[in-house]
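Trainee: have a look at this fold, sequence not included:
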């Protein structure tokens, strides 16, 4: 088992002929992902690396039975691409695009509530279930199959931590990058719920950031309803107040949104909170009884 | 992107919000002439992109052009929370009856716009939230529907407004929400929103923040960006799509991805060092971008060593390595650079570096080791 994507995933790539879309489609194919279709308006009828290209998502779903999509469409058109895939009935939509206007995402997020679908991202690295499906831009070589679920607001920090886990021979069930924007499709809690329900996931790692209060809300859920052990790490202990730290969502704007305050709230909820990426791997080993 | 009060008001006037007559001035003489044009009692208000200017002495009420000139001379050049005042706004007076607070902002958790209204205006809203929470009315708007008339009535009635005040606040709220939506704002705040003795509802102070990612569809707003107010290096970084933030230590940090960069700052601090700055090259950074980033990070004179931490995903290790080499060649940087390269095409990247390692470049395998090394080298650099 894994969450969100697995052997049953039939993937569609929106923006398959763009620079990033093409490069990462190649890598997803190399990982053994079942990429069944691509969409680039105006390029229908062509193919890329043997993957048929369609003009619209609806047509692609109709002809190939795609059930998930990954979006590499530029920011001005990305919200439209998300609406298109949700309308076409895809159950998992993963938007990699960085820089989508916040107002566009508010509309998407509220529309999403009316659909039985999961949107991961935007501004995220995607979802990867090792040796099952790679719907992401994550470097697959650092992953190894196993029982740790990883959920993160940050892309590269996820790689760093997965790498530390793999070096300790701790494998992963699924890694999910939920994205670093102020408005995202899926929050920590929804992913943690899926890990809790997944019999294969024995420990969950939550990687947060400064800004907002998503980590505190997740801590309440973990304390109240989760039996799977959780290890967390909040980056940005040294972040100054009022400065946006790379992610639009990462800004210390009040006492509650500092890494210190968040880590404290997590510890109070019984979550093991690390102070750097290496410590995360140590705490996971401990939680799994391998310390 | 934060806008100055006078810029925000100009935009809001397009949406029918009422303001007092005002003129921007960059010198005391200009302020004097502005006061003469407006006539009567005027306020001289510092234009800075930060709060708390009133407490800092950045607002003065005067009664003549002569006094206006004197007040402007005091305020111009003043430092308010690290921001130098380069302009003042000379604004006419009004007979105030009541003061309110009104804002629309983005609620990240609810994923919806949030309207805040309070009958306790003119003071710090966070203070009101603590001392008198019942005086703040909150309302979420469904962005798919927009602000509905019944919601406006709900706010006005629950705040107990009547007559001209009720009508004026309703109109202002409707217009303000329209502006919030149209301008792709992440914040529009009027504090205070005043009701004058003759029943007008006026925007006395305005704070408008426009979402940076939407500026491509608001070229007129993007033009309002005050280039001089930003740190020159932060400005240069922004122009090429890099995130750069200046801090106070001596280890320059360059990495990809906000999370990894923040974590790198943490690890440097844990290794006993202090970051001088950081530059996030983001996803998919090519050689050119890397070169510019390195140039920006090292242009800060406090920097004694550079920690270059890349974990490639969409960013490719070979391009990073080429960018690093070309940057060193182009700029002749001699500062020690500690490189840690992992992820997509990292092996190719490491090979490129191994073939042409410049003298000042050292590589480390792990983030922790790289941080320790960079801290050591910075210490050596300080001597």
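Mentor: Structure's in. What do you need? Since this is a predicted model, take the numbers as computed values, not measurements.
Trainee: nearest to chain B: which residue in chain A?
Mentor: Nearest to chain B in chain A, going by C-beta to the nearest C-beta, is residue A:154, at a distance of 2.2 Å. In this view, the C-beta of every residue, glycine as well, is placed from N, C-alpha and C.
Trainee: name the element the closest residue to that residue other than its chain neighbours belongs to?
Mentor: If the residues on either side of it in the chain are set aside, residue A:154 comes closest to residue B:259, at 2.2 Å by C-beta to C-beta, 6 or more residues apart in numbering or on different chains. In this structure, residue B:259 sits in helix B:258-270 according to DSSP states H and E.
Trainee: mean confidence score for that helix?
Mentor: Averaged across helix B:258-270, pLDDT comes to 92.
Trainee: and what of stretch B:275-289?
Mentor: The model assigns stretch B:275-289 a mean pLDDT of 81.
Trainee: which single residue in chain B comes nearest to chain A?
Mentor: The minimum distance from chain B to chain A, using C-beta to the nearest C-beta, falls at residue B:259 (2.2 Å).
Trainee: can you give me the neighbour number for that residue?
Mentor: A count of nearby residues for residue B:259, using other C-beta atoms under 10 Å in any protein chain shown, gives 35.
Trainee: touching, it and residue A:156? I think so.
Mentor: Yes - using C-beta atoms under 8 Å, residue B:259 is in contact with residue A:156, at 6.2 Å.
Trainee: and residue 6, what does it touch?
Mentor: Since you didn't name a chain, this refers to chain A. Going by C-beta atoms under 8 Å, 6 or more residues apart in numbering or on different chains, residue A:6 touches A:129, A:132-133.
Trainee: that's the wrong chain, I wanted chain B
Mentor: B:22, B:24, B:47, B:87, B:89.
Trainee: what about 7 Å?
Mentor: Residues in contact with residue B:6 (C-beta atoms under 7 Å, 6 or more residues apart in numbering or on different chains) are B:22, B:24, B:47, B:89.
Trainee: go on, residue A:178?
Mentor: Taking C-beta under 7 Å, 6+ apart, we find residue A:178 in contact with A:120, A:124, A:151-153, A:184, A:186-188, A:191.
Trainee: what's near enough to touch residue 107?
Mentor: Using chain A. Counting by C-beta under 7 Å, 6+ apart, residue A:107 touches A:79, B:143-144.
Trainee: switch to chain B, that's the one I care about
Mentor: B:114, B:140.
Trainee: hmm, 6 Å instead?
Mentor: Applying C-beta atoms under 6 Å, 6 or more residues apart in numbering or on different chains to residue B:107 gives the contacts residue B:114.
Trainee: looking at it now. What's its pLDDT?
Mentor: 92.
Trainee: cool, and the one 5 residues further on?
Mentor: In this model, residue B:112 is scored at 97, pLDDT.
Trainee: from the contact counts, what lies against the helix or strand encompassing residue A:70?
Mentor: In this assignment (DSSP H and E), residue A:70 forms part of strand A:68-71. Strand A:68-71 sits against strand A:11-14, strand A:92-95, with contacts defined as 3 or more C-beta pairs under 6 Å, 6 or more residues apart in numbering or on different chains; DSSP states H and E.
Trainee: mean pLDDT, mean neighbour count and distance to residue A:28 for the ones you listed - can I get that in a markdown table?
Mentor: Below are the helices and strands packed on strand A:68-71 laid out as a markdown table (pLDDT from 0 to 100; neighbours: other C-beta atoms under 10 Å in any protein chain shown; distance: least, C-beta to C-beta, whole Å):
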| stretch | mean pLDDT | mean neighbour count | distance to residue A:28 |
| --- | --- | --- | --- |
| strand A:11-14 | 98 | 29 | 7 |
| strand A:92-95 | 98 | 29 | 11 |
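Trainee: I'd like those as JSON lines, with distance to residue B:334 appended.
Mentor: Output for the helices and strands packed on strand A:68-71, formatted as JSON lines (distance: least, C-beta to C-beta, whole Å):
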{"stretch": "strand A:11-14", "distance to residue B:334": "45"}
{"stretch": "strand A:92-95", "distance to residue B:334": "43"}
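Trainee: can I get these in TSV including distance to chain B?
Mentor: As requested, these are arranged in TSV below (distance: least, C-beta to the nearest C-beta, whole Å):
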stretch	distance to chain B
strand A:11-14	14
strand A:92-95	13
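Trainee: so which of those strands gets nearest residue B:355?
Mentor: Of all the helices and strands packed on strand A:68-71, it is strand A:11-14 that lies closest to residue B:355, at 34.8 Å by C-beta to C-beta.
Trainee: most neighbours among the contacts of residue A:178, which one?
Mentor: Using other C-beta under 10 Å as the neighbour criterion, residue A:153 leads the contacts of residue A:178 with 32 neighbours.
Trainee: run through the residues that contact it.
Mentor: Counting by C-beta under 6 Å, 6+ apart, residue A:153 touches A:178, A:180, A:208-209.
Trainee: the closest residue in space to residue B:78 that isn't next to it in sequence: neighbouring residues, count only.
Mentor: Spatial nearest neighbour of residue B:78, excluding adjacent residues (C-beta to C-beta, 6+ apart): residue B:85 at 4.7 Å. For residue B:85, the count of nearby residues is 20 (other C-beta under 10 Å).
Trainee: contacting residues around residue B:85?
Mentor: Contacts for residue B:85 (C-beta under 6 Å, 6+ apart) come out as B:46, B:48, B:75-76, B:78.
Trainee: you'd agree residue A:53 is in a strand?
Mentor: Yes - assignment of residue A:53 by DSSP: H, G, I helix; E, B strand; the rest coil places it within a strand.
Trainee: mind checking how far it is from residue A:25?
Mentor: From residue A:53 across to residue A:25, the span is 10 Å (C-beta to C-beta, to the nearest Å).
Trainee: between the two, which one's more packed in?
Mentor: Comparing residue A:53 with residue A:25 by other C-beta under 10 Å, the one with more neighbours is residue A:25, at 24 against 20.
Trainee: wait, that one sits on residue A:12?
Mentor: No - counting by C-beta atoms under 6 Å, residue A:25 stays clear of residue A:12, with 10.4 Å between them.
Trainee: dihedrals phi and psi, the residue nearest to residue A:9 when sequence neighbours are not counted?
Mentor: Among residues not flanking residue A:9 along the chain, residue A:133 sits closest, at 4.4 Å (C-beta to C-beta, 6+ apart). Dihedral pair for residue A:133: phi -160, psi 140, per degrees, to the nearest 10.
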